[in-house]
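Peer 1: Sequence first, predicted model second:
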Amino acid sequence: MSKICPNCGRKNKDVAKFCESCGTKLDSVINTSNANEKAKSTSGLKGFWNKQSSRGKGITSVAACCLGVFLLVIIAGLLSPGLTALSVESNNISIDNVTTNLTINGTSEPNATINITAADLNINNATVKAGPDGKFNYTLKIPVNVTDTKVTVSAQNKDKFYRSEEITIQRPITPLTINQIPEIDNNTKNVTIEGDTDPQAVITVNSNELNVTNLVIHPDSKGHYKQVIQVPLNTTRASISVTAKSVGKRASNVLTANVTRITPQPAPQPPAQPAPAQPAPATTTQNTGSSPSGEGSYSPSSPESGLSSSDSGTYIGNARSHIFHYASCYHVDAMKDSNKVYFSSATAAENAGYRPCKDCNP
C-alpha cells in the first residue's frame with residue numbers, strides 16, 4: 001500500500017508523513033489501495049452486478065448469453081464463404097419426338113467448375129469449365145425412348161460453397177380420344193370402343209368388370225382404332241380404360257368409356273274399360289282395337305297390344321326391349337311372336353312406354 005503525493009505524484013510508504021521527493025505533508029492523503037478497493041467495489045461491472053437482485057442477475061445472464069450468440073452468428077457469417085453464382089437458361093424444356101441432342105446453356109462465375117448429372121442418360125458428374133465471362137454449355141445425348149428426364153447442374157468456385165439447379169426435360173404426350181358408348185339393352189352381348197390417336201401408337205385396354213387385362217390394339221394408318229368388347233348379360237355397368245403410347249412421346253392420359261345396360265320395365269297393362277250400360281250389338285261383333293279417335297287405345301284381342309296381328313298395322317313393339325318399329329323394319333323379323341306388341345300409331349306406342357327404333361325411325 002502507498003500514499004500518492006498530491007504535489008509531485010510520487011508514491012510513498014503508507015506510514016510516511018511527508019513526501020520523500022518534495023516534502024509535502026501527506027497526513028490528508030487517503031491510502032490509495034483502500035480508496036481503489038472501495039472504488040472498485042462501488043463502480044464498474046462488479047458494482048453493477050453486486051447491486052442486482054437474484055431475479056435481475058438471472059435476466060442479465062440470459063440477455064448476455066443471447067447477445068453473445070447473436071454476435072457469434074454475425075462473426076461466423078462474415079468469416080464463412082458465400083455460394084457460387086449459377087443461372088441456367090431454362091428449368092423446363094420441351095422437345096419434340098425426334099430430338100436427340102440438346103444443349104444446356106448457363107452462366108456462373110468466371111472459371112467456375114460445372115458438374116452435370118442425369119441418371120436416365122447415364123451421366124454422372126460430367127465436368128465443364130465456365131469461361132472467363134462465366135458462360136458455359138453442355139450438350140446432352142437423349143435417346144428417343146427417353147421421354148422425360150431431370151438434369152442437375154451444379155457450380156462451385158474456389159473458396160465458395162457449390163450451388164445447383166434442376167432442369168426438367170419432356171417430350172410431347174401421345175394424343176388420344178375415345179367415343180362414349182351408347183346405352184345397351186338387355187339382349188346386347190358386346191360393345192365397340194373406338195377413337196383416334198397417333199398412327200404408330202400402341203393402345204392398351206383394361207376393364208375389371210369385363211375381365212379385360214392389357215388388351216393391345218393398333219390404330220389404322222389414319223390413327224383411328226376400333227375394338228369389340230364382350231359384355232356378359234349379367235353385367236349392367238362397367239368401365240373401360242384406354243391408354244396410348246407412341247415412339248418418342250410420353251404415354252397419354254388414361255381415358256374411360258362407361259357401359260350402361262338399360263333394365264327393361266314390365267310392359268304396361270291396358271287401362272280398364274268400364275262396361276257399357278247397354279252394349280250395342282255392333283260392339284260385340286266388331287273388334288277394331290281403337291277408340292273413336294283411332295289412336296291411343298288397345299285391341300281387346302291382345303292384352304298387351306294396341307292392334308291384333310291381323311291389323312299388321314303400322315307399328316310393332318318388342319315387349320322385352322320396349323322399342324317399337326315400322327312393320328317393315330328388319331328388327332321385326334328377328335322378334336319372337338310372343339314378344340310382338342301391335343300399335344295403331346307412334347303416339348299410342350310412346351304413351352305405352354315404348355321408344356322409337358333408331359334404325360327405321362318410326
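Peer 2: Cool, got the structure.
Peer 1: part of a helix, is Val69?
Peer 2: Yes: assignment of Val69 by DSSP: H, G, I helix; E, B strand; the rest coil places it within a helix.
Peer 1: just checking, Ile178 touches Ala257?
Peer 2: Yes: using C-beta atoms under 8 Å, Ile178 is in contact with Ala257, at 5.3 Å. Every C-beta, even on glycine, is put in place using the N, C-alpha and C of the backbone.
Peer 1: shared neighbours of those two, anything?
Peer 2: Common contacts of Ile178 and Ala257 (C-beta atoms under 8 Å, 6 or more residues apart in numbering): 193, 242.
Peer 1: Low-confidence regions, the chain specifically.
Peer 2: 1, 28-52, 57, 73, 76-81, 264-269, 272-313 (pLDDT under 70).
Peer 1: Do you have the helices of it handy? List them.
Peer 2: Ranges of helices in the chain, per DSSP state H, are 32-42, 44-51, 54-79, 281-285, 330-333, 346-351.
Peer 1: burial measure for Cys172, as a count.
Peer 2: Careful, residue 172 is Pro and not Cys. Residues near Pro172, counting by other C-beta atoms under 10 Å, number 14.
Peer 1: Without its sequence neighbours, what residue ends up closest to it?
Peer 2: Once flanking residues are discounted, Pro172 sits nearest to Lys249: 5.3 Å by C-beta to C-beta, 6 or more residues apart in numbering.
Peer 1: can you check Thr149 too?
Peer 2: Asp120 (4.0 Å).
Peer 1: Asp148 versus that neighbour, what's the distance?
Peer 2: Counting by C-beta to C-beta, to the nearest Å, the gap from Asp120 to Asp148 is 8 Å.
Peer 1: Leu102 now?
Peer 2: Distance from Leu102 to Asp148, by C-beta to C-beta: 13 Å.
Peer 1: intersection of neighbour lists for the two?
Peer 2: The contact sets of Leu102 and Asp148 overlap at Ile169 (C-beta under 8 Å, 6+ apart).
Peer 1: Settle it for me: which of the two has more neighbours?
Peer 2: Leu102 (16 against 11).
Peer 1: dump the residue contacts of the residue lying closest to that one once chain neighbours are set aside.
Peer 2: Nearest residue to Leu102 in three dimensions, chain neighbours excluded: Leu140, at 4.8 Å (C-beta to C-beta, 6+ apart). Residues in contact with Leu140 (C-beta under 8 Å, 6+ apart) are 101-104, 116, 118, 121, 123, 151, 169.
Peer 1: From Ile167, how far off is Leu140?
Peer 2: Distance from Leu140 to Ile167, by C-beta to C-beta: 9 Å.
Peer 1: what do you get for Gln200?
Peer 2: Taking C-beta to C-beta, one finds Gln200 at 28 Å from Ile167.
Peer 1: Which one of those two is surrounded by more residues?
Peer 2: Just comparing Gln200 and Ile167: by other C-beta under 10 Å the higher neighbour count belongs to Ile167, 21 against 16.
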